[in-house]
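1. Here is a sequence together with a model predicted from it:
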Amino acid sequence: MKQQISSFLIDDSRDARNQFFLAFDLLQVSKACICFDHVDHAAAFCTAQPDTPDYIFLRVQQPAEDGKRMLDQLRQIPSLENTPVIFYAAAFTPEDMTRMKSLGAADWLVKSSDLHQLKNCLHTMLEAFERRQTAVPPLPEVALSPVLV
């Protein structure tokens with residue numbers, strides 16, 4: 001797994017932010033986990049800060065309703081338009097999962113109240129992302145031919 005990652009966590013619950021931060025700390029891969037309690041705060045931070053996170057974790061209370069609006073807000077920030085956004089909530093229906101993928105979410109994570117289970121889920125998810133990134137085959141080399149002008 002990539003040694004040092006940075007992430008944004010957008011969650012209005014201080015306790016949940018602390019748990020998430022601790023889970024990242026236990027993984028020992030976090031360069032920075034910057035927490036926000038609202039999407040607008042993340043947007044303001046991004047306009048002042050040139051660095052972009054490797055991942056954005058977005059907690060949604062009601063995935064079907066909140067998810068699209070919040071993801072749209074994040075995608076309007078030029079520096080974040082290609083950053084993987086992972087939704088997380090206490091539960092997801094299969095319809096929620098399908099809808100989130102169609103909206104452009106990179107993945108989803110069921111929020112666990114157990115710190116070590118959350119850490120293990122994050123580890124599995126981050127390894128899967130890394131495998132996907134390294135599994136992209138290189139473009140075939142094309143032989144160049146002379147062009148007469």
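-> Good, I have the coordinates.
2. For stretch 11-29, the averaged confidence score.
-> Mean pLDDT, stretch 11-29: 84.
3. Return it as PDB; C-alpha atoms alone will do.
-> Coordinates of each C-alpha in stretch 11-29 appear next as PDB, following Å, rounded to 0.1, in the frame of the first residue of the first chain:
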ATOM      1  CA  ASP A  11     -18.600  14.400   8.400                       C
ATOM      2  CA  ASP A  12     -20.700  16.600  10.700                       C
ATOM      3  CA  SER A  13     -20.200  14.300  13.700                       C
ATOM      4  CA  ARG A  14     -17.100  15.100  15.800                       C
ATOM      5  CA  ASP A  15     -17.100  11.600  17.300                       C
ATOM      6  CA  ALA A  16     -17.200   9.900  13.900                       C
ATOM      7  CA  ARG A  17     -14.400  12.200  12.700                       C
ATOM      8  CA  ASN A  18     -12.300  11.300  15.700                       C
ATOM      9  CA  GLN A  19     -12.900   7.500  15.100                       C
ATOM     10  CA  PHE A  20     -12.000   7.800  11.400                       C
ATOM     11  CA  PHE A  21      -8.900   9.800  12.200                       C
ATOM     12  CA  LEU A  22      -7.800   7.100  14.700                       C
ATOM     13  CA  ALA A  23      -8.500   4.300  12.200                       C
ATOM     14  CA  PHE A  24      -6.200   6.100   9.700                       C
ATOM     15  CA  ASP A  25      -3.600   6.600  12.500                       C
ATOM     16  CA  LEU A  26      -3.700   2.900  13.200                       C
ATOM     17  CA  LEU A  27      -3.000   2.100   9.600                       C
ATOM     18  CA  GLN A  28       0.100   4.200   9.800                       C
ATOM     19  CA  VAL A  29      -0.300   5.400   6.200                       C
END
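4. what residues does it touch?
-> 1-5, 7, 9, 30, 33, 35-38, 57, 59, 111, 113, 115-116, 118-119, 122-123, 126 (C-beta atoms under 8 Å, 6 or more residues apart in numbering). From N, CA and C alone the C-beta is placed, and that goes for glycine too.
5. Going along the chain, name the strands of the chain.
-> Using DSSP state E, the strands of the chain run over residues 5-10, 30-36, 55-59, 85-89, 107-110.
6. Could you check the pLDDT of Cys46?
-> For Cys46, the predicted pLDDT is 73.
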